[in-house]
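1. Predicted model and sequence below, questions to follow.
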Amino acid sequence: MSDLQLFKGNEAVGEAAVRAGCRHFFGYPITPQNELPEYMSWRLPEVGGVFLQAESEVAAINMVYGAGGAGAKAMTSSSSPGISLKQEGISFLAGAEIPGVIVNMVRGGPGLGGIQPAQSDYFQATRGGGHGDYRTVVLGPASLQELVDMTYEAFQIADRYRNPVMVVGDGVMGQMMEPVVFPDMAEVTDPPDWATTGKRGRDNFNLINSLYLDPEELWEHNRKLNDKYRQMTEKEVRWETRATDDADFAFVAYGTTARIVQKAVEQMREDGHAVGLVRPQTLWPFPQEPFDELSDRVDGFRTVEMSLGQMVEDVRLAVQGRVPVQFYGTTGGVMPDYRDIISAMEEMMRKVGGRR
Amino acid sequence: MKAVYEKPKSLTDVVTHYCPGCTHGVAHRLVAEVIDDLKLEDRAVGIASVGCSVFAYDYFEVDFQQAAHGRAPAVATGIKRVHPDSVVFTYQGDGDLASIGAAEIVHAAMRGENITVVFINNAIYGMTGGQMAPTTLVGQKASTSPAGRDPDHSGSPIRVCEMLSTLPGVAYLARVSCHDARGIMSAKRSIGKAFQTQLDGEGFALVEILSNCPTNWGMSPVESLEWVKEHMVRYYPLGEFCTPGEGE
C-alpha cells in the first residue's frame, strides 16, 4: 500500500510503528501526544497486538523493559514531563541492552511548563537524561513523512544495537496534518535468542540484567556498550544541507524549526543573500562532517531553536571555534517567526561578515 | 539408595549471598519446588527486584529479568502481555513492593494482571543496612528510626494483603510465615496455589511471606524466628484473603 494519506502526526507515528512490527505499546496520557496512545488503543488489537494504559510513565517504560526483554518490538510515548519520569527506565534499557522506542512530543518546560511546542528537551534527549554512561540514538524529524520513516527505522536501529532509540518531535509535529506514505507492513519476527521467553527447551536460562557489582566487570560491560555507541556514531549519523554550496552563512536547525528556517533561507536567497541550512536529522549522534566541510567556507553559523540554546552547544563543539556561532531562539511554546530569524541572520552578517 | 530429599531442579548450584539464618533461602526453595512440581521450568520467567533478593536471577534455573527498584510488577506485565503462555513471577521485598513500588503493585493487582507475586516481608531494608521499611512495626528499631518507629512521625505499617484485598482484579492473596516447619509447609501450599491461579488464568496472585532478618534486627536466627512469631504474626495475621472465584 503506497497511497498518499492525510494523517495527523501523532497518529502517523502509531501507524508507522505498526508497520515496523510493533505490537506492544504502553503509555500514559499527556498533552500534546494523546492521539498516539488513542490510535494504538484500537489499532493494535486489530493486528493482534496489545495496547495497555499504564498507571504512570514510570510503569509504562518498565513495561517496555519487560516486553522488550521478552523479545517484542515495544514502544512508549510521552511529552516532556512524562519523558523526565521515563529516564530511569531508559537508563535500565540501555544498561540491560533492551531495544525499545520512545517518542517525545516536546512541550515547553521546565516543570509543568506548558503544552505548546518546544525543543527544550534537547539536552535531556542527547545527554542521556538518566544516570550512567549510556547513549540513545535520537532522531529529529522535520516533516510527517520523515516522522513516519524515522519511527519505522527507529525499531530497526533499536534491534540492531539492542539499545533504546528516541524519536523527538514537538507539539507541532504531533498535532499537524500532512500527506504521508506508509512503508509496507513488516513481518512480525520471532523473539531473538536472548529474550526471556521461558526456556522452551533451551539448556541455558536467559537473563536480562544491568547489575555488575564487580567494578572490573562493570567497566568491561561499559566498554562493550561504548563499542556500540562508537558504531552508532559512525553508522547512524544523518543530516541534510540546503543551499550551502555557495553559502556565506549557514543556519543550523532541526525539526519544526528547520521548516521555519527553510522559509527564511528562501526569502533571503530571493533578496540576494547567500545563506544555507544545516539540518541535523540525528541529534545524537550529532553530525560533525557538515561542520568540518562548511567551517572552511562560511563566515558563521546561526543556530535557531525553540529553546534558550541547547543544540548550539553541539554546533560550537563541531565548529571548534573556526568561525563564529551565534544563537537565536524562542522558548516556552512560542514559535519563531521567519522574519525574526532573517533579522537575526542579517544582524550576524553585519557584525561578522566581510571578514574574508 | 533412594533419595528422599533433593535440591529442587529449578535451583542452580550457586551459593547464595544470604546471611546465615535468613529465610530467603527457604522461600527460594519453596518457589523452586513449586516450579518443579508444576513442571514450569520451560515456561517460567522470574523478575528479580532491588534489595536482598536482587541476585535471585543467579539462583533459579529459569529465564529471569532484573527490574528497577519497585518496578517488577510493571516489568512482569510487559513480559506476560508478550507471552501470555509463559508463567511470570516477581520476587520482591517489602521496601521494593510496599514503598517505592506501591503504585506498580496496586495497579498490577487492579488490572488483574495474570502474574504471581512472591512478597517477602521482613519489616526492614536488609540490603542497605537496616533502615525503616513501610512494614517496620511500631516501636521496632531501625537505622533510620533509632528510637523505634513512631507512628505519629512515620505512620503505621502497611498491611499489603488487606489493602490489595479490596481490588476485584485480585484472585489469590495469602499471608504465610516461615518461622516454623508448619508455617513453611503452609507457605509451600500457598505458593503452589498462587502459581496455579496464574495457570488457570484467574488473575493476580500474591503470597506475602513473613520473614526474618537476623543481621539487621540484631538477633540470632532462632531469636529472630521467635520475634516473627511473637510480633509480626500479631500485626500481620496469617491466612488467605482472596481465593479464585470468590470476588466475582
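-> Arrived safely.
2. Where does pLDDT dip in chain A?
-> Within chain A, the segments meeting pLDDT under 70 span A:1-2, A:354-356.
3. Which segments of it make up each domain?
-> For chain A, automatic domain parsing gives the domain ranges A:4-235, A:240-352.
4. just the helices in the stretch 201-350 of chain A please.
-> A:215-235, A:255-270, A:289-294, A:311-319, A:338-352 (DSSP state H, counting those that start in this stretch).
5. Make CSV out of the ones you listed and add mean neighbour count and distance to chain B.
-> All C-beta spots, glycine's among them, are computed from the backbone N, C-alpha and C. Shown next, in CSV, are those (neighbours: other Cβ atoms under 10 Å in any protein chain shown; distance: least, Cβ to the nearest Cβ, whole Å):
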stretch, mean neighbour count, distance to chain B
helix A:215-235, 13, 13
helix A:255-270, 21, 30
helix A:289-294, 17, 37
helix A:311-319, 20, 29
helix A:338-352, 17, 42
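6. Dump the domains of chain A to JSON lines, plus distance to B:Phe60.
-> Formatted as JSON lines, the domains of chain A follow (distance: least, Cβ to Cβ, whole Å):
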{"stretch": "domain A:4-235", "distance to B:Phe60": "8"}
{"stretch": "domain A:240-352", "distance to B:Phe60": "37"}
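7. What residues does the stretch 151-300 of chain A have near chain B?
-> A:191, A:196-201, A:205-211 (Cβ under 8 Å from any Cβ of the partner chain).
8. how about A:Ala125, secondary structure?
-> Classification of A:Ala125 using DSSP: H, G, I helix; E, B strand; the rest coil returns helix.
9. Quick check, it in contact with A:Trp284.
-> Yes. Between A:Ala125 and A:Trp284 there is a contact at 7.3 Å, judged by Cβ atoms under 8 Å.
10. who are the neighbours in contact with A:Gly68?
-> A:74, A:93, A:98-100, B:78 (Cβ atoms under 8 Å, 6 or more residues apart in numbering or on different chains).
11. Of those residues, which pair is most distant in space?
-> Spatially, the most separated pair among the contacts of A:Gly68 is A:Pro99 and B:Gly78, at 12.8 Å (Cβ to Cβ).
12. Who has more neighbours out of these two?
-> Shown here are A:Pro99 and B:Gly78; by other Cβ atoms under 10 Å in any protein chain shown, B:Gly78 has more neighbours (35 against 25).
13. what's the pLDDT at that one?
-> pLDDT, B:Gly78: 98.
14. Identify the spatial nearest neighbour of it, chain neighbours not counted.
-> Leaving aside its sequence neighbours, B:Gly78 sits nearest to A:Gly66 (Cβ to Cβ, 6 or more residues apart in numbering or on different chains; 2.5 Å).
15. just how off-centre is the helix or strand hosting that neighbour within its chain?
-> According to DSSP states H and E, A:Gly66 maps onto helix A:57-69. Offset of helix A:57-69 from its chain centre (Cα atoms, centre = their mean, to the nearest Å): 19 Å.
16. Output that helix as CSV, nothing but the C-alphas.
-> C-alpha atoms of helix A:57-69 as CSV (Å, rounded to 0.1, in the frame of the first residue of the first chain):
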residue,chain,number,x,y,z
GLU,A,57,5.1,6.9,32.7
VAL,A,58,7.4,5.1,35.1
ALA,A,59,5.4,1.9,34.8
ALA,A,60,5.0,2.4,31.1
ILE,A,61,8.7,2.4,30.4
ASN,A,62,9.2,-0.5,32.7
MET,A,63,6.5,-2.4,30.8
VAL,A,64,8.6,-1.6,27.6
TYR,A,65,11.6,-3.0,29.5
GLY,A,66,9.7,-6.3,30.3
ALA,A,67,8.2,-6.6,26.8
GLY,A,68,11.4,-5.7,25.0
GLY,A,69,13.4,-8.1,27.2
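17. Just give me how far the next helix or strand after it sits from the chain centre.
-> Using DSSP H and E, the helix or strand that directly follows helix A:57-69 along the chain is strand A:74-78. Here strand A:74-78 shows a centroid-to-chain-centroid distance of 13 Å under the convention Cα atoms, centre = their mean.
18. mind listing what strand A:74-78 pairs with, with the direction of each?
-> The strands beside strand A:74-78 in its sheet (DSSP bridges) come out as strand A:24-27 (parallel), strand A:100-106 (parallel).
19. Just put those strands in JSON lines and tack on mean neighbour count.
-> Below are the strands paired with strand A:74-78 laid out as JSON lines (neighbours: other Cβ atoms under 10 Å in any protein chain shown):
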{"stretch": "strand A:24-27", "mean neighbour count": "28"}
{"stretch": "strand A:100-106", "mean neighbour count": "30"}
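20. possible to save those as TSV with distance to A:Glu313?
-> Putting those into TSV (distance: least, Cβ to Cβ, whole Å) gives the following:
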stretch	distance to A:Glu313
strand A:24-27	31
strand A:100-106	17
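21. so which of the ones you listed gets nearest B:Ile120?
-> Going by Cβ to Cβ, the one of the strands paired with strand A:74-78 nearest B:Ile120 is strand A:24-27, 27.0 Å.
22. List the contacts of the closest one.
-> Here strand A:24-27 makes contact (Cβ under 8 Å, 6+ apart) with A:14, A:17, A:36-37, A:40, A:44, A:49-54, A:59-61, A:63-64, A:67, A:72-78, B:78, B:81-82.
23. Contacts only, for the residue of the stretch 51-200 of chain A found nearest chain B.
-> Among the residues of the stretch 51-200 of chain A, A:Gly66 lies nearest to chain B; the distance is 2.5 Å by Cβ to the nearest Cβ. Counting by Cβ under 8 Å, 6+ apart, A:Gly66 touches B:47, B:65, B:67, B:74-80, B:82.
24. just to revisit the earlier point, in a markdown table: the helices of the stretch 201-350 of chain A, plus distance to A:Gly82.
-> Shown next, in a markdown table, are the helices of the stretch 201-350 of chain A (distance: least, Cβ to Cβ, whole Å):
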| stretch | distance to A:Gly82 |
| --- | --- |
| helix A:215-235 | 25 |
| helix A:255-270 | 19 |
| helix A:289-294 | 33 |
| helix A:311-319 | 22 |
| helix A:338-352 | 30 |
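25. Show me the one of the ones you listed that comes nearest B:Gln198.
-> For B:Gln198, the closest of the helices of the stretch 201-350 of chain A is helix A:215-235, at 33.0 Å, according to Cβ to Cβ.
26. Pull the number of nearby residues for the closest residue to A:Gly255 other than its chain neighbours.
-> Distance criterion Cβ to Cβ, 6+ apart; nearest residue to A:Gly255, sequence neighbours excluded, is A:Gly140 at 5.0 Å. A:Gly140 has 32 neighbours, counted by other Cβ under 10 Å.
27. Look up how far B:Val31 lies from A:Gly140.
-> According to Cβ to Cβ, to the nearest Å, A:Gly140 stands 46 Å off from B:Val31.
28. Also A:Gln281?
-> Counting by Cβ to Cβ - A:Gln281 and B:Val31 are separated by 49 Å.
29. More neighbours: which of those two?
-> Taking neighbours as other Cβ under 10 Å, A:Gln281 and B:Val31 compare with B:Val31 leading, 31 against 19.
30. what about the helix or strand where the more buried one lies, near chain A?
-> Assigned by DSSP H and E, B:Val31 falls within helix B:24-37. No. Using Cβ under 8 Å from any Cβ, we find that helix B:24-37 stays clear of chain A, coming within 11.1 Å at best.
31. Then stretch B:158-172?
-> No. Using Cβ under 8 Å from any Cβ, we find that stretch B:158-172 stays clear of chain A, coming within 12.7 Å at best.
32. returning to that earlier point: between the contacts of A:Gly66, which sits nearest B:Tyr91?
-> Out of the contacts of A:Gly66, the member with the shortest distance to B:Tyr91 (by Cβ to Cβ) is B:Ile47, at 7.1 Å.
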